[in-house]
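Q: I need the structure of the sequence given here:
(chains A, B, C and D)
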Protein chains: 2
Amino acid sequence: MLKIGEFSSLAQVSIRTLRHYDEVGLLRPAHVDSESGYRFYSASQLPRLHRILVLRDLGFPLNRIAEALDEGLSPDALRGMLRLRRVEQEEQVEAEVEKLNRLTALLNLIEKEGQMIHDVILKETGPQWIASLREKIPMHREIGKLFGKTFAALGPLGGEGNGIALFHDAEYREQEVDAEVGVCLRNAADVAAPLKCYQLPAATMASVVHHGAFNRIAEAYGSLLRWIEANGYRPSGPTREIFLHVSAPVSRDDESNVAEIQVPVVRN
Amino acid sequence: MLKIGEFSSLAQVSIRTLRHYDEVGLLRPAHVDSESGYRFYSASQLPRLHRILVLRDLGFPLNRIAEALDEGLSPDALRGMLRLRRVEQEEQVEAEVEKLNRLTALLNLIEKEGQMIHDVILKETGPQWIASLREKIPMHREIGKLFGKTFAALGPLGGEGNGIALFHDAEYREQEVDAEVGVCLRNAADVAAPLKCYQLPAATMASVVHHGAFNRIAEAYGSLLRWIEANGYRPSGPTREIFLHVSAPVSRDDESNVAEIQVPVVRN
DNA sequence: CTTGACTCTCCAGTTGCGAGAGGCTTTACA
DNA sequence: TGTAAAGCCTCTCGCAACTGGAGAGTCAAG
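A: Numbers count the residues shown, from 1 in each chain, chains lettered A, B, ... in the order given. Below is the predicted model:
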């Protein structure tokens, strides 16, 4: 019989850990002195402890180890467990590698640009109802007019949700822009032509928030597009601009404006 | 001003999380109603939240994020943080990949052998004092004799610690074995020739515990050596056998015997 | 005025121990 | 044999970043 300290140094496992394993029922001492409460282990418990350590170091949680050991697992069952665990671990590795890649991409961007970068995040958006008006506008700057027109047509519906603009051109252009302006809604609504009410599809979006006058919004676009490229994605649909806090009436150079730019992306 | 639910769905962050960030001071609501306790956020807080999310998803702990954001970090400081984090993340990836490799190696072993495998673990051992006797013995089985001789020479010292056997041959052999037998000690001790007292060096050991009659110990050796090969290590010194619970006088076929076999290893 | 959606503040639980307080027990040495 | 030093015990808290639930108050719509 070994005292806990001896067993501990024999197996290179901390006393605290042994007590913990006792507590959770994973490895009960062979004997416990009922007077002193001292735990006594037998050397023949080492194989069980070894197995516990092996499984633990392979990433199994203690409760699964306990189940496995107490159910007297068959070789087949053990293989099953290990295969399952391998799948999990593969996912884990993948996730960690991706995190590393994002980190590296960001560092590269910063070194190349030599300055701060807007904070781009990836998010999954659900489907989104909007009521909107789509038009070709001659100049990008003239989107304000389309806004006026749309909100006039929307009437009270215009106050329901955030304003949104979509740009359908595959690439950025200054002139002859295929633009769409509307509001985000919770549900479908009846609207009269030329307004349309429909659902934007769910998508994976790269998103950046611009805070400040809209005439500096190009920087945000720049950051976003560079980020998309650096992280191995590419745009896969119309860009969305969601106006979260806009001084009314809309003024392009109000510093309190806030807009979120979203570009749907897919992996390269 | 946005209620927490609105802000939450805007940013795709759970209400819980927002409250948590408030609690830890990472993102305080722009306004809190003193009567109802309701939190109100401003759209202009989105950039800060975005930055928090970016850093969090890169693996920074919240307290470091809080420090960074509250200290108004310079671009250089930010780069430093990211570089540091990248190093950490590289280590993380390495560790996860190694875990996956161990898992795969074990599965391969099991599939090849078609049966259970002894549980091999890797451990770091410190230096270890021993008092021992080294001799060439004609047959492996005759190690019992060397045991008797050694313990007779050791006298009372023989009861101090666990018995240990070392095998100095680079490869396993049945005959003309270069063996050494002794006891583990806590400190140096004076011994008379032909006994020697010295320290075994610290090393990384692949270890397996054998429980049962010693005439089946070859299985344990087999598992251990296959494991070492499958995991990309190779033996780098004399094998140690540590006798943890041996029926006295030593009998090779007592089922209650317990011995740990350790092979020092290095990476291939 | 009611109903239901939202929000609040605790409190507990998750994982696998590590650290420390305060109090026995055992061991070693003089 | 006495005493000091290890060694062991059982608490309880802490970690990281939340999630879930209880019980209660608040707000907007019909």
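Q: by contact count, what packs against the strand or helix carrying A:Glu135?
A: Assigned by DSSP states H and E, A:Glu135 falls within strand A:128-139. Secondary-structure packing of strand A:128-139 (3 or more CB pairs under 8 Å, 6 or more residues apart in numbering or on different chains; DSSP states H and E): helix A:143-154, strand A:163-167, strand A:175-185, strand A:196-200. C-betas here are computed from N, CA, C, even on glycine.
Q: Any idea how far it is from the middle of the chain?
A: In terms of CA atoms, centre = their mean, to the nearest Å, the centre of strand A:128-139 is set 29 Å apart from its chain centre.
Q: Of the helices and strands packed on strand A:128-139, flag the one that's most buried.
A: Highest mean neighbour count of these: strand A:163-167, a mean of 21 (counted as mean count of other CB atoms under 10 Å in any protein chain shown).
Q: Say whether chain B is contacted by that strand.
A: No - using CB under 8 Å from any CB of the partner chain, strand A:163-167 stays clear of chain B, with a minimum separation of 12.0 Å.
Q: Would you mind getting the angle between that strand and helix A:143-154?
A: 120 degrees (axes from the mean of the first three to the mean of the last three CA atoms, to 10 degrees).
Q: Paired strands for strand A:163-167, with orientation please.
A: Here strand A:163-167 is paired, per DSSP bridges, with strand A:175-185 (antiparallel), strand A:239-245 (antiparallel).
Q: could you dump that strand to PDB, C-alpha only?
A: C-alpha atoms of strand A:163-167 as PDB (Å, rounded to 0.1, in the frame of the first residue of the first chain):
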ATOM      1  CA  GLY A 163     -32.100  52.000 -43.900                       C
ATOM      2  CA  ILE A 164     -30.200  49.700 -46.300                       C
ATOM      3  CA  ALA A 165     -28.500  50.100 -49.600                       C
ATOM      4  CA  LEU A 166     -27.400  47.300 -51.900                       C
ATOM      5  CA  PHE A 167     -25.000  47.600 -54.800                       C
END
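Q: That one: how far from the chain's middle?
A: Distance, centroid of strand A:163-167 to centroid of chain: 23 Å (CA atoms, centre = their mean).
Q: Run the angle between that strand and strand A:128-139 for me.
A: With the same axes, to 10 degrees as the basis, strand A:163-167 and strand A:128-139 are set at 60 degrees to each other.
Q: Report the angle between strand A:163-167 and strand A:196-200.
A: 80 degrees.
Q: what's next to strand A:163-167, contact-wise?
A: Residues outside strand A:163-167 that contact it (CB atoms under 8 Å, 6 or more residues apart in numbering or on different chains) are A:130, A:132, A:134, A:143, A:147, A:151, A:177-184, A:200, A:238-243, A:246.
Q: can you check stretch A:20-39 too?
A: For stretch A:20-39, contacts defined as CB under 8 Å, 6+ apart pick out A:1, A:3-4, A:18-19, A:40-42, A:44-45, A:48-49, A:52, A:62-63, A:65-66, A:69.
Q: Could you do stretch A:143-151 as well?
A: A:132-133, A:135, A:137, A:158, A:163, A:165, A:177, A:179, A:181-182, A:195, A:250, A:252.
Q: Now, of the contacts of stretch A:20-39, which are buried?
A: When neighbours are counted using 16 or more other CB atoms under 10 Å in any protein chain shown, the contacts of stretch A:20-39 contain these buried positions: A:Ile4, A:Leu18, A:Tyr41, A:Ser42, A:Ser44, A:Gln45, A:Arg48, A:Leu49, A:Ile52, A:Ile65, A:Ala66.
Q: The last one: helix or strand, and which one exactly?
A: If you go by DSSP H and E, A:Ala66 is part of helix A:62-70.
Q: circling back: as a markdown table, the buried ones among the contacts of stretch A:20-39 with pLDDT, secondary structure and distance to A:Ala188 would be great.
A: Listed next are those as a markdown table, based on pLDDT from 0 to 100; DSSP: H, G, I helix; E, B strand; the rest coil; distance: CB to CB, whole Å:
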| residue | pLDDT | secondary structure | distance to A:Ala188 |
| --- | --- | --- | --- |
| A:Ile4 | 96 | helix | 68 |
| A:Leu18 | 97 | helix | 63 |
| A:Tyr41 | 95 | strand | 69 |
| A:Ser42 | 93 | coil | 72 |
| A:Ser44 | 91 | helix | 71 |
| A:Gln45 | 94 | helix | 67 |
| A:Arg48 | 95 | helix | 62 |
| A:Leu49 | 96 | helix | 63 |
| A:Ile52 | 95 | helix | 57 |
| A:Ile65 | 94 | helix | 52 |
| A:Ala66 | 93 | helix | 52 |
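Q: what's the closest of the residues you listed to DNA strand D?
A: Distances from DNA strand D to the buried ones among the contacts of stretch A:20-39, taken as CB to the nearest atom of the strand, are shortest for A:Ile4 (4.4 Å).
Q: Can you give the domain ranges for chain A?
A: In the domain annotation for chain A, the residue ranges read A:2-73, A:121-267 (automatic domain parsing).
Q: For the first one, measure first residue to last.
A: Think domain A:2-73. End-to-end distance of domain A:2-73: 28 Å, with CA to CA, to the nearest Å as the criterion.
Q: Please apply the same query to the last one.
A: In domain A:121-267, first residue to last residue: 15 Å (CA to CA).
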